[in-house]
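A.B. asks: attaching a predicted model along with its sequence, questions to come.
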Amino acid sequence: MSGYSGRSTLLAVAAAVVLSACGGDAGDDAPAVDTGTPAPAQPASTVGANVVLPEGVTPEMVAQGAQIFNRQICMSCHGMNGVGSVLGPALTDQEWLNSDGSYESIINVVRTGVPQPVQFAAAMPPMGGIQLSDEQIRQVAAYVYALSHGG
């Protein structure tokens, strides 16, 4: 198989994932976020045992943010657990493209999106294109912070 064909297949799969996450006809069967049911606590090793969370951020917020991130649109571009993809950067390292990496700046990026990404072709709409409450925005930001600040 030629490299071109492989890239075409990868792009087609990526497009299907995005359409699926955005409510397109690509077979979206991801469960919706259930804000009435607390997420089970994740082991600290999932987000880095050596993470020092910012003031006001709890492990429960991180666990809830992981549920939102990995069940909703975030993972469509940033990959499951934020490992990155052809559509969006990895969020598991200290390389920040559109933010300074602080908890507050991550909240701002989730809330307002990235209209002109530094490296990736597609813009990130506010909240990834879905509706999130202020609490859910803080939870997703807590999870991304924990992913990227683990030791």
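C.D. replies: Okay, I see it. Numbering: from 1, shown residues only.
A.B. asks: near Trp96, how many other residues are there?
C.D. replies: With neighbours defined by other C-beta atoms under 10 Å, the count for Trp96 comes to 16. Quick note: C-beta positions are derived from backbone N, CA and C, even for glycine.
A.B. asks: actually Pro125, not the one I wrote
C.D. replies: Pro125 is flanked by 14 other residues according to other C-beta under 10 Å.
A.B. asks: chain neighbours aside, what residue packs nearest to it?
C.D. replies: Once flanking residues are discounted, Pro125 sits nearest to Gly113: 4.8 Å by C-beta to C-beta, 6 or more residues apart in numbering.
A.B. asks: so the one you found versus Val140, what's the distance?
C.D. replies: Distance, Gly113 to Val140, using C-beta to C-beta, to the nearest Å: 13 Å.
A.B. asks: out of those two, which sits in the more crowded spot?
C.D. replies: Val140 (28 against 16).
A.B. asks: next, work out how far apart the residue lying closest to the more buried one once chain neighbours are set aside and Ile137 are.
C.D. replies: Leaving aside its chain neighbours, Val140 sits nearest to Gly65 (4.6 Å; criterion: C-beta to C-beta, 6+ apart). Going from Gly65 to Ile137 by C-beta to C-beta gives 9 Å.
A.B. asks: okay, those two: which has more neighbours?
C.D. replies: Neighbour totals were compared for Gly65 and Ile137, and Gly65 leads with 28 against 20 (other C-beta under 10 Å).
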